[in-house]
Structure formats: structure tokens, C-alpha cells
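In: mind looking at a prediction? Sequence and model below.
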Amino acid sequence: MFLELFFFLLLGILLGVIAGLIPGLHPNTIAFLLISLSPFLGIEIIYLIAILVGSEITNSFVDFIPSILFSAPEEDTALSILPGQRFLLAGRAYEAIYLTVYGGLISVIIIALSFPFFVIFIPVFYSFIKPIIVFLLILTIAHLFWTQKKNKLNAFLVFVFSALFGLIIFRLPLSGTMVMFPAFCGLFGLSSLFFASSKSEIPEQEIDVNLEDCSKKKSSFIGVFSGLIAGILPGVGSSQVTVMSQQLARIKNLKDFMISIGGITTANSLFSIISLFTIGNPRSGTSVAIQSLAFEHSLKMLLTIFFMIVISAGFASLLTLFLSKILIKNIYKIKYNKLTKSVFILLFILVYLFTGLIGLIIAITGLAIGLFCISKGVRRSFMMGVLLVPTILIFLGI
């Protein structure tokens, strides 16, 4: 059984790599496709779970490669675009990806070493944090404006435009997962690429890492704690808690930010699966798919799934660093303005293929807001109003 389980876990890891490298191809899409086909595949439930877990965890690592190298975001990685561009243009793209992998892997190790504690703690923490999450989100927004020392009117306009944008797009005939791809492409990806196209070339990249000038422990624990909030609360994802942690924990060092966002993304994926056992509710498309398989909720199954998570994280870390090295060693040979223009066009094509004409309209609207934000010198965190305000209204029951 172990060899068969390992084989299907590797298959899931491979699917996670593919989903991570192709913008717009979300592991949720793979999960629901797999569940739809499962009656015809004749695969045992435990093996289907292995595929789903391997895909979800691996994607949380690999997803940062296109985000950092090509400014092609998913919801969870959108905020890494600007820091990633800075690393790329400084010849340090590999370091940026390494930092996200470090954050993700350390999060898994911390959770693994404290696993019995988290199993007991999560239901208690869930009961405590759920009633005050609106307060924390409002506090995050207030801190955003407090720390914006200039252009406050433009910052207010960016936030309002983004919030209205978010309220509108979630009423459109697209699923929440699908609608976020064109929205974040427009707000963060396409707008960044538009201004980045003036750069003439990418500097030769260094394949080394310096972890001395960052707070590794602090950033890692922020990643775990924030990922816990994202992983167990409905309507709160990695993007929202990244903004919260960045503002409330005052993360200013770019390396600390990359470690924390890597940790948040992976911890979110992990806790969203574990929450099936600890609070009885799924918190991601993958966990919904796993729940639909009607498996036995036993301690043995929980430990088996957690074993899959740890193995997947190990393989995903190695694969992410290996693939990024291959890409980075050759990317500097490409003219940066040609690369950004090509990716700009490619993102529009992918948006149309995955979400159709509605997606194109969403992406163009997001692009307009993103261009206004960047041109006025407003921090891009204000565009997270697209998620923060709808999330607050959901928790208020409005």
C-alpha cells in the first residue's frame, strides 16, 4: 500500500508543479476535475486524497516562480510581485524564491513539531478569533491609512475603487476562485508589467542566498500564525492575512516579507486541510473536494494526511529551487522589455481562455485601478480593498 500511496502522492506533486507554473490553473480546478472523474477512474479514496494533498501543498511553493519572475500572480502570491521585481532587477531573483521556500518549509516543520498542540488548540483559537476578525480587518485598514504619509486622498480613492471593484466582481457569474485570477492579474500583474516594460534588460542573476540580515524566526512564526487564521476562517485567505501581518507586525524588511508570505501561503494550505478534522469544516477547494470523498475521520487518517503534507512539502521545496535555478540561469539573456510585453499579452490570453469575455473586462478594470495606484505613488496594499471590504461584509452578514 505504501508504494501505491507514494506513487499517487508523486502524481499530485507533479500536478501541483504544473498548476504552480501556469498562471490561472488553480489546484482547486484540478481538485474538482479529479472529483468529477473519480467514479470513472476506479481509484481508492486514500489515493485520491494523496493526489489532492500533493497538488495543494506543492502549488503553494511553486506558485511563487511565475509571480516573482514574470509578475504573473495568483490570489495568494499577488503581494509578492513588487518585492519580487526588486529582487529580480537587483540580480537576486533566486534569493527571493529561496526565501518563500524557506518560509513555507519552516512553517511545515514548526507545525509538525507542534502537531498535537495544534490539533487541540485550533478549535479553541477558532472560537476566539472568529468574533473579532472584523475588528482586526478594520484595524488593518486603519493602519494602512495611518502609515500612508502622503497622497492620502489618492490612497483613499485607490482603496474605494478597489473595494467597489471587489463588491461587483463577486456578484458576477464566475466562481470565487476563477474571478480572482483576472482581478489580481489586472490589479497587480498587468499594471506592474505595464510600468516595468520600460526596463531594457534583466541583470545577470546570482544563485546564492544571504539570510543574515533578516529576522528568520519572527517571520516564520508570523507565517504560521497568519496562515492559521487564513486556514481556519471562512472568507479569509492568504492575501488578507498577509496585509494584516504586514501592517500590524510592521514588516518592512523585504526578506522578512518574502519569508512570511511563503510561510503564510503554505500554512494556509496545510491548515485548510487539517481543519476538516479539527473544526469539521473545509476551508479551500481542495479540502471541499477531500470532504466530498466521505472518508473516515479518524486519528489514523489525520496522521496519514499529515504525513502526505510533510513529504509533499519536502519534494515541493526541492523542485521549486531546482526549477527556479533552470529558469533564472537563462532569464537574463532575454530583453526585459520584450519579456514583459510578451507576458503582458500572455496574461490577457490566459484570462480569456480561463474566464472568457467577463474575465477580460475584469482584468482591464483591475489594470485601470492598478495604473492609477502606481502612477499616484500609492502603496499597492491599498488595492487589497478588493478583498478586505467584501470579507468584512461577509462576517457582518451584509
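Out: Okay, I see it. Numbers count the residues shown, from 1 in each chain.
In: and residue 204, helix, strand or coil?
Out: What DSSP: H, G, I helix; E, B strand; the rest coil gives for residue 204 is coil.
In: please report the distance of it from residue 339.
Out: For residue 204, the distance to residue 339 equals 15 Å [C-beta to C-beta, to the nearest Å]. Where you see a C-beta, it was placed from the backbone N, CA and C, and this is true even at glycine.
In: for residue 389, same thing?
Out: 34 Å.
In: next: residue 291.
Out: 41 Å.
In: who has more neighbours, the two?
Out: It is residue 339, of residue 291 and residue 339, that has more neighbours when counted by other C-beta atoms under 10 Å, with 20 against 15.
In: ramachandran angles for the more buried one?
Out: Here the main-chain torsion angles of residue 339 (degrees, to the nearest 10) amount to phi -60, psi -50.
In: tell me which residues touch residue 122, please.
Out: Neighbouring residues of residue 122 by C-beta atoms under 8 Å, 6 or more residues apart in numbering: 228, 232, 271, 274, 275, 278, 279.
In: mind doing that once more with 6 Å?
Out: Residues in contact with residue 122, defined by C-beta atoms under 6 Å, 6 or more residues apart in numbering, are residue 278.
In: okay, it: pLDDT?
Out: Note on residue 122: pLDDT of 87.
In: check which residues of whichever helix or strand it is part of are buried.
Out: Using DSSP states H and E, residue 122 falls within helix 115-129. Counting neighbours by 16 or more other C-beta atoms under 10 Å, one finds that the buried residues in helix 115-129 are 118, 122, 125, 126.
In: any idea how far whatever helix or strand comes next after it is from the chain center?
Out: Proceeding N to C from helix 115-129, the next assigned helix or strand is helix 133-146, under DSSP H and E. Centroid separation for helix 133-146 versus its chain: 21 Å, with C-alpha atoms, centre = their mean, to the nearest Å.
In: on contacts alone, who are the packing partners of helix 133-146?
Out: Judged by 3 or more C-beta pairs under 6 Å, 6 or more residues apart in numbering; DSSP states H and E, helix 133-146 is in contact with helix 238-248, helix 385-395.
In: can we see that at 8 Å?
Out: helix 152-169, helix 238-248, helix 385-395 (3 or more C-beta pairs under 8 Å, 6 or more residues apart in numbering; DSSP states H and E).
In: can I get these in JSON lines with distance to residue 264?
Out: Formatted as JSON lines, these follow (distance: least, C-beta to C-beta, whole Å):
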{"stretch": "helix 152-169", "distance to residue 264": "20"}
{"stretch": "helix 238-248", "distance to residue 264": "5"}
{"stretch": "helix 385-395", "distance to residue 264": "14"}
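In: among those, which is nearest residue 27?
Out: Closest approach to residue 27 among these is made by helix 238-248 (13.2 Å; C-beta to C-beta).
In: by contact count, what packs against the helix or strand just after the closest one?
Out: Later in the chain than helix 238-248, the nearest helix or strand by DSSP H and E is helix 254-278. Helix 254-278 sits against helix 45-62, helix 81-89, helix 93-113, helix 115-129, helix 216-232, helix 238-248, helix 285-291, helix 299-331, with contacts defined as 3+ C-beta pairs under 8 Å, 6+ apart.
In: ranking these by burial, who's on top?
Out: helix 45-62 (a mean of 26; mean count of other C-beta atoms under 10 Å).
In: that helix to helix 93-113, inter-axis angle?
Out: Taking axes from the mean of the first three to the mean of the last three C-alpha atoms, to 10 degrees, one finds that helix 45-62 is oriented at 140 degrees with respect to helix 93-113.
In: quick one: buried residues of the next helix or strand after helix 45-62?
Out: With elements assigned by DSSP H and E, the helix or strand that comes after helix 45-62 is helix 64-70. For helix 64-70, the neighbour count (16+ other C-beta under 10 Å) marks 64, 65, 66, 67, 68, 69, 70 as buried.
In: so where's the stretch 201-350 of the chain shaky on pLDDT?
Out: 201, 234-240, 243-244, 246-251, 281-283, 285, 332, 334-336 (pLDDT under 70).
In: surely residue 347 touches residue 190?
Out: Yes. Using C-beta atoms under 8 Å, residue 347 is in contact with residue 190, at 6.0 Å.
In: shared neighbours of those two, anything?
Out: Both residue 347 and residue 190 are in contact with residue 363, where contact means C-beta under 8 Å, 6+ apart.
In: ok, now how distant is the closest residue to residue 4 other than its chain neighbours from residue 212?
Out: The shortest distance from residue 4 to any non-neighbouring residue, by C-beta to C-beta, 6 or more residues apart in numbering, is to residue 47 (6.5 Å). Distance of residue 47 to residue 212, given as C-beta to C-beta: 44 Å.
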